[in-house]
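Novice: Here is my input, please return the structure:
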Amino acid sequence: MPTNLARVAKDKGIKYFLISFVDLFGVLRSKLVPARAIGDMQKDGAGFAGFAAWLDMTPAHPDMFSIPDPTSLIQLPWKPEVAWLAGDLWMDGKEVEASPRVALKRQMARAVKKGHHMKTGVECEYFLITPDGLAISDANDTQEKPCYDQSALMRRYDVISEICDAMIELGWNPYQNDHEDANGQFEMNWEFDDALVTADRHVFFKYMVKAIAEKHGLRATFMPKPFANLTGNGCHAHVSVWDKTGNKNLFHSARDSLGLSRLAYHFLGGILHNADALAAVFNPTVNSYKRIDAPVTLSGATWSPNAITYGGNNRTHMVRIPDKGRFELRLIDGAANPYLLQAGILAAGLDGIDNQRDPGKPLEINMYTEGHKLRNVRRLPSNLLDAIRTFEKSKVLKAGLGEALVSSYAKLKHLEWRSYAAAISPWERDHTLDC
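Specialist: Predicted structure coming up:
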């Protein structure tokens, strides 16, 4: 029987529901709905004007409705009278083609028809900064190599533990929290799951971290490169494909030296083949490209890729094979849309499987020090404009994500680029005012 949200509200003491959706730019949009009205909302959805979000619509478009998915319900641990729901967008009785969550669900349906079920986990890095956004929040966090620094971690114990306690309460099975490579930077890991479950939790995690940080008088940012001299915020994805029952890992092979099956290598081949186009989704902002191939940071390494390569348990490559039966995609940054992130991985991976794409042999070198010696290695885009141009020409992503989504996303990102290009920066004034 479908979940009756009105009954859930009564049983759990929920007074309000946040019925949400995520637009193409990854912005979380919601309406706060009293529990007394949730029955009608569950059936018909909460109404929105699409033009008011980043969805390539006009004021002339009819009402858009977010139909809540009851399986996504999360009761806010720090405000239990409120529950959050992810929604799918509908208009005129049809799903909105350029809806990120709809795009992911369609990719998953394509995979299921082939007997494949993608499971993923994400590593969401973020900074805790001052409310004005100008500096990290801990003035004593100054080590040159601050990664795993116990003292700096424990100075933010109140924030980190509250977030982790919330994830435990929600059943996400978090298993570690650490201070990351940059001063003021943290990462919190929870158990991998079905790609849609991971995407919904990723959306909520970002909201939760920001909300709890605000409770403590701080600000959290997932911005890819908020500080020029510090390591940026990545969002590494761990990927595996299972059978339709979800019990057998189809990526695992005991006979392979890296523990990967032929299916896994073909999937990986699809990721590598489409990586330059995927950068527009995995690295969706102007700022993203200040993380990729950045100058050496205070800690001595950027921990971000600069070329389309893979290796074994080697963090200098775009793709790392840390263990049997899975790989880690290290290109993605903190600004990525959680649904497009997963949809992009799956679209590229299915292309690799369908076309039996060969990823080539793994490279066992330090890409940061020896990568420049390699010939015939494709480089990642150096800016958002190059990435968008590659993305909008990709036949693979048009077929996978849908032409409507690719066209709308590219159109809006071109507008964003032009806005950036029209702005006069302090650097320009410093270097050309007296030319």
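
Novice: CA atoms for contacts and neighbours, from now on please.
Specialist: Will do.

Novice: Now do the strands in the stretch 201-350 of the chain.
Specialist: Assigned by DSSP state E, counting those that start in this stretch, the stretch 201-350 of the chain shows strands spanning 219-221, 235-242, 310-311, 319-323, 326-329.

Novice: helices or strands next to the second one in the packing?
Specialist: Okay, so that is strand 235-242. With contacts taken as 3 or more CA pairs under 8 Å, 6 or more residues apart in numbering; DSSP states H and E, strand 235-242 sits against strand 117-129, strand 326-329.

Novice: Need the ones you listed in CSV (columns: mean pLDDT, distance to residue 93 and mean neighbour count).
Specialist: Output for those, formatted as CSV (pLDDT from 0 to 100; distance: least, CA to CA, whole Å; neighbours: other CA atoms under 10 Å):
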stretch, mean pLDDT, distance to residue 93, mean neighbour count
strand 117-129, 98, 28, 24
strand 326-329, 98, 37, 24
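
Novice: Any chance of JSON lines for these, columns distance to residue 101?
Specialist: Converted to JSON lines, the helices and strands packed on strand 235-242 look like this (distance: least, CA to CA, whole Å):
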{"stretch": "strand 117-129", "distance to residue 101": "15"}
{"stretch": "strand 326-329", "distance to residue 101": "21"}
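
Novice: returning to that earlier point: from the strands of the stretch 201-350 of the chain, which stretch is densest packed?
Specialist: Greatest average neighbour count among those goes to strand 310-311 (a mean of 26), per mean count of other CA atoms under 10 Å.

Novice: Can you list the strands that it pairs with?
Specialist: strand 319-323 (parallel) (DSSP bridges).

Novice: Strand 235-242 and the strand it pairs with, what's the angle between them?
Specialist: For strand 319-323 against strand 235-242, the angle by axes from the mean of the first three to the mean of the last three CA atoms, to 10 degrees is 60 degrees.

Novice: Could you export strand 319-323 as PDB, keeping only the C-alpha atoms?
Specialist: Output of strand 319-323 as PDB, limited to C-alpha atoms (Å, rounded to 0.1, in the frame of the first residue of the first chain):
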ATOM      1  CA  VAL A 319      39.300   7.900 -11.500                       C
ATOM      2  CA  ARG A 320      40.800   5.800  -8.600                       C
ATOM      3  CA  ILE A 321      40.200   2.000  -8.000                       C
ATOM      4  CA  PRO A 322      40.400   1.900  -4.200                       C
ATOM      5  CA  ASP A 323      39.000  -1.600  -3.800                       C
END
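
Novice: for the record, mean pLDDT for that strand?
Specialist: Here strand 319-323 scores 97 as its mean pLDDT.

Novice: Residue 346 against residue 107, yeah?
Specialist: Yes: with contact defined as CA atoms under 8 Å, residue 346 reaches residue 107; the gap is 6.5 Å.

Novice: Out of the two, name the residue with the larger neighbour count.
Specialist: It is residue 346, of residue 346 and residue 107, that has more neighbours when counted by other CA atoms under 10 Å, with 27 against 22.

Novice: Could you tell me which residues make contact with that one?
Specialist: Contact analysis of residue 346 by CA atoms under 8 Å, 6 or more residues apart in numbering lists 107-108, 118.

Novice: Any regions of the stretch 51-200 of the chain where pLDDT drops low?
Specialist: Along the stretch 51-200 of the chain, no part satisfies pLDDT under 70.

Novice: what's the span of stretch 140-151 from first residue to last?
Specialist: Start and end residues of stretch 140-151 are separated by 10 Å (CA to CA, to the nearest Å).

Novice: got it, and stretch 268-281?
Specialist: 17 Å.

Novice: Check stretch 359-369 too.
Specialist: 22 Å.

Novice: same thing with stretch 168-179?
Specialist: 19 Å.

Novice: got a list of contacts for it?
Specialist: For stretch 168-179, contacts defined as CA under 8 Å, 6+ apart pick out 74-75, 77, 146-150, 152-153, 160, 164, 167, 185-191.

Novice: Sort out which residues of stretch 361-371 are buried, please.
Specialist: By neighbour count with 16 or more other CA atoms under 10 Å, stretch 361-371 contains the buried residues 367-368, 371.
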